[in-house]
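S.K.: curious how this folds, go ahead:
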Amino acid sequence: MTRISVKAGQRVFLDRLAKMSGQNVQQCFQCGICSGSCPMLENMDTHPRKIIRMAQFGMIEELEQANTFWICASCHACNVMCPRGVDLPRLMEALRLMTLRKNQNKVEPSRLPGEMIKEYPQIAMVSGFRKLTG
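M.R.: Just a heads-up that it's a prediction; the model follows:
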């Protein structure tokens, strides 16, 4: 029998993810419905199913490199279809927050051109800043 153990740092990560999201990633049995139902899949570099698998194995560095949780529209298509009731949008939000709490901005507001700021709706800009800046 092969045993897979989680290192101490990975356990801390999994506990923190569970606390922030209210979800247990170990519930997922990798059916792939989340990836199959995702309308944003073509824009993601890693499928949602694989994000959950990386979280299950505590692959922290690989998760930090993925753009999937930034692209997630939180439309809940995956959540509605999940046979195990895993709320993937809540996991994606927790992963975004964990990254942002390291003060790593995905968008630097001060570097945006003035004409872009004038062109986009204010609510979209505020939403983007809340999601993509620390």
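S.K.: name the nearest residue to residue 18, ignoring sequence neighbours.
M.R.: residue 24 (5.9 Å; CB to CB, 6 or more residues apart in numbering). The C-beta positions use only the backbone N, C-alpha and C, and glycine is treated the same way.
S.K.: that neighbour: neighbour count?
M.R.: The tally of other residues near residue 24 (other CB atoms under 10 Å) stands at 15.
S.K.: got the end-to-end distance for stretch 22-30?
M.R.: The first and final residues of stretch 22-30 sit 19 Å from each other (CA to CA, to the nearest Å).
S.K.: ok, now stretch 44-60?
M.R.: Stretch 44-60 stretches 18 Å from its first residue to its last (CA to CA).
S.K.: for it, buried residues please.
M.R.: Taking 16 or more other CB atoms under 10 Å as the neighbour-count basis, stretch 44-60 is seen to contain the buried residues 44, 46-56, 58-60.
S.K.: same question, stretch 86-97
M.R.: Neighbour-count burial for stretch 86-97, counted by 16+ other CB under 10 Å, picks out 86, 88, 89, 90, 91, 92, 93, 94, 95, 96.
S.K.: what do you get for stretch 65-82?
M.R.: The neighbour-count check on stretch 65-82 (16+ other CB under 10 Å) flags 66, 68, 69, 70, 71, 72, 74, 77, 78, 79, 82 as buried.
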